[in-house]
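Chemist: need coordinates for the below:
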Amino acid sequence: MRIALFQPDIPQNTGNIFRLGACLGISLDIIEPTGYVFDEKRFKRSAMDYFEKVDFKRHLDWNEFIKWVNINNFRLILLTTKANESYLNFSFKKNDILLFGRESAGVPDLVHNIVDSKLTIPMRKGLRSINLSSAVAMVAGEACRQLKII
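Modeler: Now for the predicted structure:
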């Protein structure tokens, strides 16, 4: 299983997700461009010394990423507020990539149209979304539980 971030905007969230990936042994994919300079001081500070302890791959853009996904036979699972199926009712697989959109805009329609599954985190009505790093932790935790990772 892997976690992919589509053009992340906030380095602190990315840093927190790097730390999560390091602690749980989950590889990360960063789909560029990011909304910050990738080696920005704030990003490394939020990732702390976990930056060197996580397996990650940078993809120059969506097209490069999707080619890599297809070559490696991954199943692409989008987490979005625009889905009806709860992540709690989904059966995760080891070849899944959990894809999360930009904090400011999610993902474009072309991404929605190509993924294998779309899942959501159930929330109270009238609220927009859960913080990205919190959402990643929730879904990755459930996937790890199902797959008996860690």
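
Chemist: burial of residue 101, as a residue count?
Modeler: Residue 101 has 25 neighbouring residues, counting by other CB atoms under 10 Å. From N, CA and C alone the C-beta is placed, and that goes for glycine too.

Chemist: that one contacts residue 107, correct?
Modeler: Yes - using CB atoms under 8 Å, residue 101 is in contact with residue 107, at 3.9 Å.

Chemist: now list whatever residues contact both of these two.
Modeler: Residues touching both residue 101 and residue 107 by CB atoms under 8 Å, 6 or more residues apart in numbering: 6, 78, 80.

Chemist: so how far is residue 149 from the first one?
Modeler: Think residue 6. 23 Å (CB to CB, to the nearest Å).

Chemist: so those two - more neighbours on which side?
Modeler: Shown here are residue 6 and residue 149; by other CB under 10 Å, residue 6 has more neighbours (22 against 15).

Chemist: wait, is residue 58 part of a strand?
Modeler: Yes - the assignment for residue 58 by DSSP: H, G, I helix; E, B strand; the rest coil puts it in a strand.

Chemist: skipping adjacent residues, who's closest to it in space?
Modeler: residue 30 (5.0 Å; CB to CB, 6 or more residues apart in numbering).

Chemist: and if you look at residue 29?
Modeler: In space, residue 29 is closest to residue 4, 3.9 Å off (CB to CB, 6+ apart).

Chemist: what's the answer for residue 91, then?
Modeler: residue 146 (6.9 Å).
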